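*Asks:* Sequence and predicted structure below; questions after.
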Amino acid sequence: LVRVAADYKISLRGLEKSTDEYRAALAECHSRAAQSVLQLCRQQAGVYIKAGQLLASLRPVLPQQFTETLAQLCDDAPRSPLHDVRRVFREEMGADMEQIFHHVDPEPIGCASLAQVHKAWLRQDDGGEGRMVALKVQHAWMSRHTRSDTLVMEAAASILELLFPAIEIKWLIPVFRRNLESELNFLSEARNMQRCAFNFQDMVGVRVPTLLEHLTSRRILTMEFINGVKVNDVDSLRARGFDPVLVASNVTRIFGEMVFCHGFVHCDPHPGNMLVVPRHEPAATAARGRGKNEFDVVVLDHGLYREISPAMRRGYCEMWEAMILQDSAMLQRVATDMGVGQYAKLFPLIFTMRAIDSQVKLGDRMSKDERERVRDNLGVEGFSKDNFNLAEVLHFSERIPRDLLFIIRTQNLVRALCSDLGLESRQRFRLYASLAARGKVLVHTPIPPHLAAFYAPSPAHHDTQKGVDVDAYRRVETESSVLASGDTKLQSHTRPDTDEMGRGFEKE
């Protein structure tokens, strides 16, 4: 890391930021730095791969060279030999795998930085083969090296800040450590699975695997096995009769519900964590027939969640309202309430790819002239193409509320997936806007009573709103239906009065 920082300092010394020479040198520095970080993560494996994957997901924040290079880590995963898998199972469950399972496939069906998954068949009372399950086993070396690896990362960050005071990255270490501790405790993942299933119990089109609690511990997680199509396998989706665009729309809706309505957000929605299967219905319903595009999205890997406070959830709903209505005063107020008022103009560019005062329709790309105008008038130090400043970008990441940082991460991963599946940005924005309008007037989704004891009490669990404003909810219904079909560009940049909200949304 010190070598990378020195490379930036030496390579850019004496160059004017507005010149092509500076931009070319900066791009080369980004590429070299990204390759160095990639090599480090691959050499050290384990925790380092997880850290690299986190950086790869911050596409709206980090330079493209970093996110594209480190994205290779999503396909890099260590693999534990079967004897290590057996040992971890024995240590956790107090029994050999052969006592519980009739057979365990020695070839893992999935490997990740922290664990791997095997198909297994439960042993029946008579010794025969029972139901097939998915057996997730943590890599044996994780518990031995996690603490030392994070201490090394913290020391490196301290040295980097000492040598280059303008660069602030130490704040990332506690965030990373907390997330890692949660992901390494499969009991936490099990509770997250159950809570996610509870939140979506009345929503069609989403499915969470059933947990086998008696075969779950801190390093072992056992769940029903679901055989489906990987969500970004376009050819296989079409071969099964599933429209990729509808799949993307459903994924957008699922993770939008989490952010705007539930306040309990799955923060790792990459393609490996979702499957598509035919609609899971009771036999009586299934007997009536199923359309070819009736499917469920199966959400997997529930290790990393973020609980969004009611204030942040509603504030984020208002931010989307401001961005859709192009109400700069409202956007500034919401960003100021979040403590990042100086970055207000950045959020429309991050989330909707247009400026707050842009003349283009929602989902359309800004012209070259407008991009140059926005860049000239952005007024945020260090973020323009001609004035990129890594220290300022890191400072922005440090200042932004943690809830919002994880929302950006989640929605950025969803955006990348939707692009691969062919969903237009405009359709995704309309879904988000509709959910934001509804989320503003909904009570924060409570924790299920049987899980409440496992989550530390916080303001997020004690929402003061006791009900729903009926008039407001009717407006939401109008806005939602209009957003689904509206296509005209917003002409006014002022926020409508309360009873005019429906017409204000109609224009977008």
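*Replies:* Received the coordinates, thanks. What you are looking at is a predicted structure, and each value in this text was computed from that prediction instead of being measured.
*Asks:* If you count neighbours, what's buried in the helix or strand hosting Thr67?
*Replies:* For Thr67, the element it lies in under DSSP states H and E is helix 64-70. For helix 64-70, the neighbour count (16 or more other Cβ atoms under 10 Å) marks 65-67, 69-70 as buried. The C-beta positions use only the backbone N, C-alpha and C, and glycine is treated the same way.
*Asks:* any idea which helix or strand comes after it?
*Replies:* According to DSSP H and E, the helix or strand after helix 64-70 is helix 82-93.
*Asks:* elements contacting that following helix?
*Replies:* In this structure, helix 82-93 packs against helix 97-100, strand 129-138, strand 220-224, with contacts taken as 3 or more Cβ pairs under 8 Å, 6 or more residues apart in numbering; DSSP states H and E.
*Asks:* Quick one: residues in contact with the first one.
*Replies:* Read it as helix 97-100. Among residues not part of helix 97-100, those counted as contacts by Cβ atoms under 8 Å, 6 or more residues apart in numbering are 85-86, 89-90, 93, 104, 120, 122-123, 215.
*Asks:* would you list the residues you listed in TSV and tack on distance to Pro348?
*Replies:* Supplementary listing: the contacts of helix 97-100 in TSV, determined by distance: Cβ to Cβ, whole Å:
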residue	distance to Pro348
Val85	48
Arg86	53
Phe89	50
Arg90	54
Met93	51
Val104	51
Ala120	48
Leu122	52
Arg123	57
Leu215	47
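*Asks:* quick one: the strands in the stretch 151-300 of the chain?
*Replies:* Under the criterion DSSP state E, counting those that start in this stretch, the stretch 151-300 of the chain contains strands at 206-207, 220-224, 229-230, 264-266, 274-278, 295-299.
*Asks:* Partner strands of the first one and their direction?
*Replies:* Partners of strand 206-207 in the sheet, by DSSP bridges, are strand 295-299 (parallel).
*Asks:* Mind listing residues that contact the strand it pairs with?
*Replies:* Contacts to strand 295-299, defined as Cβ under 8 Å, 6+ apart, come from residues 196, 205-209, 226, 228, 231, 242, 246-247, 250-251, 254, 266, 269, 273-280.
*Asks:* From those residues, list just the buried residues.
*Replies:* Among those, the ones that count as buried by 16+ other Cβ under 10 Å are 196, 205-209, 226, 228, 231, 242, 246-247, 250-251, 254, 266, 269, 273-277.
*Asks:* Give me the buried positions along stretch 121-135.
*Replies:* Residues of stretch 121-135 classed as buried by neighbour count (16+ other Cβ under 10 Å): 121-123, 132-135.
*Asks:* swap in stretch 331-345?
*Replies:* Residues of stretch 331-345 classed as buried by neighbour count (16+ other Cβ under 10 Å): 331-335, 338, 340, 343-345.
*Asks:* The residue nearest the centre of the chain: what secondary structure?
*Replies:* To find the centre residue of the chain, average its C-alpha atoms and take the closest one (Cα atoms, centre = their mean): that gives Thr410, at 1.9 Å. The assignment at Thr410 comes out as helix when based on DSSP: H, G, I helix; E, B strand; the rest coil.
*Asks:* What segments of the stretch 351-500 of the chain are helices?
*Replies:* When assigned using DSSP state H, counting those that start in this stretch, the helices of the stretch 351-500 of the chain occupy the ranges 368-377, 390-399, 402-421, 425-439, 470-485.
*Asks:* Out of the ones you listed, name the one with the poorest average pLDDT.
*Replies:* If you rank the helices of the stretch 351-500 of the chain by mean pLDDT, helix 470-485 sits at the bottom with a mean of 49.
*Asks:* Phe225 and Lys119 touch, don't they?
*Replies:* Yes: with contact defined as Cβ atoms under 8 Å, Phe225 reaches Lys119; the gap is 6.2 Å.
*Asks:* Kindly reformat the buried residues of stretch 121-135 as JSON lines containing pLDDT.
*Replies:* Conversion of those to JSON lines gives the following (pLDDT from 0 to 100):
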{"residue": "Trp121", "pLDDT": "96"}
{"residue": "Leu122", "pLDDT": "95"}
{"residue": "Arg123", "pLDDT": "91"}
{"residue": "Met132", "pLDDT": "95"}
{"residue": "Val133", "pLDDT": "97"}
{"residue": "Ala134", "pLDDT": "97"}
{"residue": "Leu135", "pLDDT": "98"}
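*Asks:* So which of these is the closest to Ala437?
*Replies:* Using Cβ to Cβ, Ala134 is the member of the buried residues of stretch 121-135 that lies nearest Ala437, at 37.6 Å.
*Asks:* Thanks again, I'm all set now.
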